[in-house]
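Engineer: The following block contains a protein sequence and its predicted model.
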Amino acid sequence: MTLTPSQKAELARTLAALDKQVRDDMRAALLQSGDQKYIDLAGMVHDLGDEAVANELIDLDDALIERHLQELREIEAAKRRVAGGSTNRCIDCNDDIGYERLLAYPVAVRCIVCQGQHEKTRTHEATPRM
């Protein structure tokens, strides 16, 4: 089932709002990151414990910024799909994703069935073996 023009417009508005939110979050994270933050965290005493905590927090900030960048990539790809008319096609089975799912998660690339299967088969990929 193809999306109606009003559904496409609603998805475009939702994606635009999501894009703005992620960009604002990323801007705030970038303002909080940097060398001055490291200096503030490590403090004047500068012992190994302070340095380790500062390094961990900076790594966490870097990971947060990278997550925001990935979200922006997904949003841009979803915007292209809306513009090209392939918004609601599952990348695995080519069935409809469903308008309700797209409203809830506008960057979805899989239908709910394929997403569930994807999560089941990929769950243990990043789990270290003992």
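Structural biologist: Looks like it arrived, so ask away.
Engineer: Could I get the full set of helices for the chain?
Structural biologist: Remark: helices assigned in the chain by DSSP state H are 5-32, 35-42, 48-84, 99-104, 112-122.
Engineer: do you know which of those lies nearest residue 91?
Structural biologist: Among the helices of the chain, the nearest to residue 91 by C-beta to C-beta is helix 112-122 (7.9 Å). In short, each C-beta sits where N, CA and C put it, glycine included.
Engineer: The closest one: which residues count as buried?
Structural biologist: Across helix 112-122, burial judged by 16 or more other C-beta atoms under 10 Å covers 114-115.
Engineer: Packing partners of that helix?
Structural biologist: Applying 3 or more C-beta pairs under 8 Å, 6 or more residues apart in numbering; DSSP states H and E, one finds that helix 112-122 makes contact with no other helix or strand.
Engineer: how about the CA coordinates for it, as PDB?
Structural biologist: Taking Å, rounded to 0.1, in the frame of the first residue of the first chain, the C-alpha atoms of helix 112-122 are listed here in PDB:
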ATOM      1  CA  ILE A 112       7.800  -5.200  12.300                       C
ATOM      2  CA  VAL A 113       8.100  -8.900  11.500                       C
ATOM      3  CA  CYS A 114      11.500  -8.600   9.800                       C
ATOM      4  CA  GLN A 115      12.700  -6.200  12.500                       C
ATOM      5  CA  GLY A 116      11.900  -8.800  15.100                       C
ATOM      6  CA  GLN A 117      13.700 -11.400  13.200                       C
ATOM      7  CA  HIS A 118      16.700  -9.100  12.600                       C
ATOM      8  CA  GLU A 119      16.900  -8.400  16.400                       C
ATOM      9  CA  LYS A 120      16.700 -12.100  17.200                       C
ATOM     10  CA  THR A 121      19.500 -13.100  14.800                       C
ATOM     11  CA  ARG A 122      21.700 -10.200  15.600                       C
END
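Engineer: For it, what is the distance to the chain centroid?
Structural biologist: Chain-centre distance of helix 112-122: 18 Å, with C-alpha atoms, centre = their mean, to the nearest Å.
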